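In: build me a model from this:
(one chain, ligands or ions: 2)
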Amino acid sequence: MTKEELWEAVLAQIQFNISPANFATWFKNTGIISKKDGVAWVSVPNAFSREWLENKYNKYILKILRSFDEEIKEVKYTVERTGLKISPKETVISLPETNQLEFQEFKVDKETNLNLRYTFGNFIVGSFNELPHAAATAVAKEPGLVYNPLFIYGGVGLGKTHLLQAIGNEISKNFSHKKVKYMPAEKFTSEVVAAIRGHTIENLKAKYRLLDILVIDDIQFLAGKEKTQEEFFHTFNALYEKNKQIILSSDRPPKAIPALEERLRSRFEGGMIADIGLPDFETRMAILKTKTQERKIDFSEEVLSYIASSIQKNIREMEGALNRLVAYQRLNNQPPDLEITKTLLKKLILSPSKVTSPKKIIQTVASFYDLKEKELLAACRKKEIIKPRQVAIYLLREELKCSYPFIGRKIGGRDHTTIIHGFNKIQKEIASNENLKEEIDLLRQRIYGF
Ligand code: ADP
Ligand code: MG
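Out: Numbers count the residues shown, from 1 in each chain. Ligands and ions are numbered 1, 2, ... in the order given. Got it, this is the predicted structure:
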């Protein structure tokens, strides 16, 4: 592997893991200059990038570099305005102007926090997301008048952020006087915390109350954050009373968000709730085709259908797979065939049984119900803990076919009769309780999602 190939491979990997905006900001115009005595020298376009990469991404970059080349012990960064510096005889690949991957750059608007990359135009609709899409377009047409709040939920990488931002962008375009703000719930929480600490909560309140459209992404992050929930509740009411549009997303329905105040839950349930399911094969193919067309790249039907059949539950992962193939195509000036595709995607495509484990199931269940692993396993008879524990038992049995005694040992050393009782209880209840069934489906998605 030449150092250029090495860097391309590193970039492909990073691009798969961080947001496009971050990627474009920090990794565009970077390259490897040299690799000697265990030190990889990376060129960056300016001092700001250097500082950022050193402080925020250094460990990460080193880890990925080392996964390709174990000899590398350290990464150093140097400002190089022209980007890559390669002596001509070393140039193995000839790409049009630069030796770097080209990325479409979209800036995030400072005022609205919206990224123009997300539009309705490049959002593909299938039966899995028809309802949320229809609700989203209706809200974008008549903000504040149709569904308020609009609550969209679904698994990871299935288009919630895309849809939320598309609504924001569409409204900004058609109603330029309306003040729109997009906020990940995590960021909202840190704003609230900072405002409390700095005694500026009144300013924060005032700022939010001026909005016409408030979009909060991944609202499940408010679970257990009482102060933030309190603040959000008042903001919500203030906006709602003035017919201002509120749009929310979550990885689960309101009723399955643990430690969410009842009054907020009932607010969330007061508007329209729409869920994004899983795209079927045809839709996955359509998404892949659109994405390759956008990038003016032609992969064979065979290759696309391999991706669509191997990655079923996460559109972001499908994009990650495409990115790898695009990197390959750029390096080699020819598209990968099926065999090469399989090799390139080996690490991304694993069968579920390989991905999950008792530990993973226990961790996932604990975090889903906002419990510590210890609490889930301890000898406690509280109702709030018994149910999650039984769900863990159920999933260990269903997903991994573990024996009852084995599950007993994993779940804090319990007798196998207790385990059988727990399993039967959940199995029975699922048949009649839609909510529980949905929770278990969501848990399954999470167990296999990452
Ligand atoms: P989530 O917020 O649900 O985790 P995202 O909205 O970030 O998922 O989507 C992950 C990636 O998949 C994004 O790059 C997004 O543009 C793309 N994507 C998701 N759904 C669609 C869709 N229906 N059509 C086209 N691209 C999609
Ligand atoms: Mg998202």
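In: what is the burial count for the closest residue to F232 other than its chain neighbours?
Out: In space, and not counting its chain neighbours, F232 is closest to L222: 6.5 Å by CB to CB, 6 or more residues apart in numbering. Any C-beta I mention is one placed from the backbone N, CA and C, and that applies to glycine too. Here the count is done by other CB atoms under 10 Å, and L222 has 26 residues near it.
In: also V79?
Out: The number of residues near V79, taken as other CB under 10 Å, comes to 12.
In: also R209?
Out: Every residue meeting other CB under 10 Å relative to R209 is counted, giving 14.
In: any idea which helix or strand carries the residue nearest to it when sequence neighbours are not counted?
Out: Using CB to CB, 6+ apart and skipping the chain neighbours, the partner closest in space to R209 is A238 (5.0 Å). Assigned by DSSP states H and E, A238 belongs to helix 226-241.
In: which helices and strands does that helix pack with?
Out: Here helix 226-241 touches helix 185-197, helix 201-209, strand 213-217, strand 245-250, helix 262-268, going by 3 or more CB pairs under 8 Å, 6 or more residues apart in numbering; DSSP states H and E.
In: and among the ones you listed, the most buried is which?
Out: strand 245-250 (a mean of 26; mean count of other CB atoms under 10 Å).
In: what about that strand, distance to the chain center?
Out: When distances are taken as CA atoms, centre = their mean, to the nearest Å, strand 245-250 is centred 17 Å away from the chain's centroid.
In: residues in contact with it?
Out: The set of residues external to strand 245-250 that reach it, using CB atoms under 8 Å, 6 or more residues apart in numbering, is 139, 143-144, 148-153, 160-161, 163-164, 167-168, 171, 212-220, 236, 239-240, 257, 268, 271.
In: ok, K291 touching L322?
Out: Yes - the pair K291 / L322 is scored as a contact, 5.8 Å apart, by CB atoms under 8 Å.
In: neighbour count: the two, which is higher?
Out: L322 (23 against 19).
In: how many neighbours does E230 have?
Out: 14.
In: nearest residue to it other than its sequence neighbours?
Out: Here the residue nearest E230, using CB to CB, 6+ apart, is E261, at 8.0 Å.
In: who's in contact with the one you found?
Out: By CB under 8 Å, 6+ apart, E261 lies in contact with E226, Q229, E230, F233.
In: any idea which of those residues has the most stuff around it?
Out: Counting by other CB under 10 Å, top hit in the contacts of E261: Q229 with 21 neighbours.
In: that one reaches L222, doesn't it?
Out: Yes - Q229 is in contact with L222 according to CB under 8 Å; the separation is 5.3 Å.
In: who touches both of these two?
Out: Going by CB under 8 Å, 6+ apart, residues that sit against Q229 and also against L222 are L260, L264.
In: circling back: surely the residue nearest to F232 meets V192?
Out: No - the pair L222 / V192 is not scored as a contact, 9.8 Å apart, by CB under 8 Å.
In: which residues do the two both contact?
Out: T228, F232.
In: residues contacting the residue in the stretch 101-250 of the chain that ligand 2 sits nearest to?
Out: Nearest residue of the stretch 101-250 of the chain to ligand 2, counting by CB to the ion: T161, 3.2 Å away. Listed by CB under 8 Å, 6+ apart, the contact set of T161 reads Y118, D217, S249.
In: between the residues you listed, which is nearest N332?
Out: Closest approach between these and N332, by CB to CB: Y118, at 31.1 Å.
In: in the chain, what residue spans correspond to strands?
Out: Ranges of strands within the chain are 31-36, 39-44, 74-79, 150-154, 180-184, 213-217, 245-250, 272-276, based on DSSP state E.
In: in CSV, list those strands along with distance to ligand 1.
Out: As requested, those are exported to CSV (distance: least, CB to the nearest ligand atom, whole Å):
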stretch, distance to ligand 1
strand 31-36, 25
strand 39-44, 25
strand 74-79, 28
strand 150-154, 6
strand 180-184, 10
strand 213-217, 7
strand 245-250, 7
strand 272-276, 7
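In: adding mean pLDDT, write these out as TSV.
Out: Shown next, in TSV, are these (pLDDT from 0 to 100):
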stretch	mean pLDDT
strand 31-36	88
strand 39-44	90
strand 74-79	90
strand 150-154	96
strand 180-184	98
strand 213-217	98
strand 245-250	98
strand 272-276	94
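In: got JSON lines for those, with distance to ligand 2 too?
Out: Putting the strands of the chain into JSON lines (distance: least, CB to the ion, whole Å) gives the following:
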{"stretch": "strand 31-36", "distance to ligand 2": "30"}
{"stretch": "strand 39-44", "distance to ligand 2": "28"}
{"stretch": "strand 74-79", "distance to ligand 2": "29"}
{"stretch": "strand 150-154", "distance to ligand 2": "10"}
{"stretch": "strand 180-184", "distance to ligand 2": "8"}
{"stretch": "strand 213-217", "distance to ligand 2": "6"}
{"stretch": "strand 245-250", "distance to ligand 2": "7"}
{"stretch": "strand 272-276", "distance to ligand 2": "11"}
